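Peer 1: For reference, the sequence and a predicted model appear below.
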Amino acid sequence: MYTAFASVYDRLMADVDYQGWARYYHTLMERYGIPRGKVCECACGTGSITIALSRLGYQMTGVDLSADMLFEASQKARKAGAMIPFVKQDMRTLHLHRQMDAVLCTNDGLNYLKDAAELTDFFRAAWVAIRPGGGLFLDLSTPYKLENVLGDHFIGDETEDIAYLWQNQLDRRNGCVDLNLAIFVRQKGETYTRIGESQRQYMHSAQRLTELLEAVGFTNVCLFGDKKLTAPAPHELRWFIAAHKPMEDENVPTVGERMTEL
């Protein structure tokens with residue numbers, strides 16, 4: 001994934017407020033009692049959120065499956081003066097040399113995990129990577145967004161030096177959307193280089209995610225709207241999820257006592 005795409009990803013995402021994204025995660029972690037400590041961001045891509053959180057005082061580690069994305073992230077961090085290790089790993093088998101105060105999976109990382117087994121693999125690996133008392137923090141595109149905003153839709157845009165054509169195909173039976181992009185990057189003169197990119201994102205229900213997190217051992221699993229500290233609206237495009245790893249002697253609530261929002 002993301003081989004040539006990595007070189008143009010940040011240009012396509014230039015209008016995304018990564019600073020606001022990082023500030024929201026900072027607020028969420030503070031509410032869960034997570035200090036400005038050690039944080040691992042999974043599916044970190046080119047490191048925009050990773051670097052922003054580093055500027056807020058967190059000791060960041062970035063993990064991604066794409067070496068090309070990690071190369072771009074390392075270059076950006078170096079230019080920003082941020083000392084951040086970026087590690088090529090599959091987050092389903094996440095393995096860190098020390099436990100973290102928090103693990104994050106951002107910007108649709110969960111949408112690339114296809115079923116309960118893959119989600120559970122990641123949640124279990126994250127559990128091991130998080131110190132007792134720490135937390136797991138996630139965000140993903142909602143089923144409503146994948147079905148009604150992205151599914152079977154065509155999107156196109158053009159700037160002075162780059163253009164893209166984005167055709168999506170909804171597969172309701174398998175609960176996924178195939179994303180097919182054709183990106184044209186202007187070279188010298190009037191010539192363009194074409195970059196093709198195909199991805200597949202899966203829909204996950206809030207109930208299933210909560211059940212899987214609790215089965216691993218996480219408590220206080222809370223679902224939030226897009227960068228909100230309240231429950232999501234019915235047609236929310238992005239969910240944020242926070243979950244707590246209890247201390248060994250902590251009184252763990254039953255499922256019936258589970259918090260729905262802070």
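Peer 2: Thanks, I have the structure now.

Peer 1: For this structure, just list every one of the strands.
Peer 2: 38-42, 59-64, 86-88, 100-105, 130-141, 154-158, 162-171, 176-186, 192-202, 219-224, 238-244 (DSSP state E).

Peer 1: I'd guessed Y32 sits against K245; true?
Peer 2: No: assessed by CB atoms under 8 Å, Y32 is found out of contact with K245, at 10.0 Å. To be clear about C-beta, it is placed using only N, CA and C from the backbone, and glycine gets the same treatment.

Peer 1: How many residues are close by E190?
Peer 2: Residue neighbour count, defined by other CB atoms under 10 Å, stands at 6 for E190.

Peer 1: which residues sit in contact with it?
Peer 2: With contacts taken as CB atoms under 8 Å, 6 or more residues apart in numbering, E190 has no neighbouring residues.

Peer 1: Contact partners for I34?
Peer 2: I34 sits next to 101-102, 134-135 when contact means CB under 8 Å, 6+ apart.

Peer 1: Of these, just say which sits nearest to V185.
Peer 2: Looking at these and their distance to V185, the nearest is A102, at 36.3 Å (CB to CB).

Peer 1: on that earlier part again, so Y32 and K245 - more neighbours on which side?
Peer 2: The residue with the greater number of neighbours, taking Y32 and K245 and applying other CB under 10 Å, is K245; the counts read 24 against 20.

Peer 1: how close does that one get to R194?
Peer 2: Using CB to CB, to the nearest Å, K245 is found at 45 Å from R194.

Peer 1: which residues touch Y192?
Peer 2: Applying CB under 8 Å, 6+ apart, the residues near Y192 are 163, 184-186.

Peer 1: for F184, that is, sorry about that
Peer 2: F184 sits next to 162-164, 192-195 when contact means CB under 8 Å, 6+ apart.

Peer 1: Run through the bridge partners of it.
Peer 2: On the basis of DSSP bridges, F184 takes part in beta bridges with A163, R194.
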